[in-house]
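> Got a predicted structure here, sequence first:
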Amino acid sequence: MKPATIIGILLIILGIVGFALGGFSFTHQKKDVDVGPVEISHESTKHVPIPPVVSGIALVAGIALVVVGSKSK
């Protein structure tokens with residue numbers, strides 16, 4: 001497979017996932033107090049939204065790259 005086709009397929013997958021999920025979230029643990037054997041911490045969850053416009057652009061660009069990659073010899 002050509003690099004343009006592989007990148008196009010990845011962009012199509014990212015565009016579909018962006019439409020389906022609308023973003024991604026991650027959790028990290030933060031230490032508040034660490035005094036000897038006593039440790040107090042909390043988890044913080046962050047959500048990063050992916051705008052539908054970005055998902056659409058990725059999808060269209062991916063389709064274009066797959067078409068261009070399959071036509072060029």
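Everything's here; your move.
> Contacts for the lowest-mean-pLDDT helix or strand in the chain, please.
Within the chain, no helix or strand scores below strand 23-35, which has a mean of 87 by mean pLDDT, DSSP states H and E. Applying CB atoms under 8 Å, 6 or more residues apart in numbering, the contact partners of strand 23-35 are 39-50. (C-beta placed from N, C-alpha, C; glycine too.)
> switch the cut-off to 10 Å
17-18, 39-51, 55 (CB atoms under 10 Å, 6 or more residues apart in numbering).
> So which bits of it are buried?
In terms of neighbour count (16 or more other CB atoms under 10 Å), strand 23-35 has no buried residues at all.
> and it, which strands flank it?
strand 38-49 (antiparallel) (DSSP bridges).
> after the strand it pairs with comes which helix or strand?
helix 52-71 (DSSP states H and E).
> so how far is that next one off the chain centroid?
16 Å (CA atoms, centre = their mean, to the nearest Å).
> Got the phi and psi for G22?
When read as degrees, to the nearest 10, the backbone of G22 gives phi 80, psi 10.
> okay, it: pLDDT?
G22 is assigned a pLDDT of 87 by the prediction.
> before we move on, what about M1?
77.
> Can you tell me the closest non-neighbouring residue to it?
G69 (7.8 Å; CB to CB, 6 or more residues apart in numbering).
> How much space separates that neighbour from T5?
Distance, G69 to T5, using CB to CB, to the nearest Å: 3 Å.
> do G36 as well
Taken as CB to CB, the span from G36 to T5 is 58 Å.
> out of the contacts of strand 23-35, what pair is the most spread apart?
Within the contacts of strand 23-35, E39 and S55 form the most distant pair, 40.7 Å apart (CB to CB).
> how far off helix 52-71 does the least confident helix or strand of the chain point, in degrees?
120 degrees (axes from the mean of the first three to the mean of the last three CA atoms, to 10 degrees).
> what about strand 23-35, distance to the chain center?
Worked out by CA atoms, centre = their mean, strand 23-35 lies 20 Å from the chain centre.
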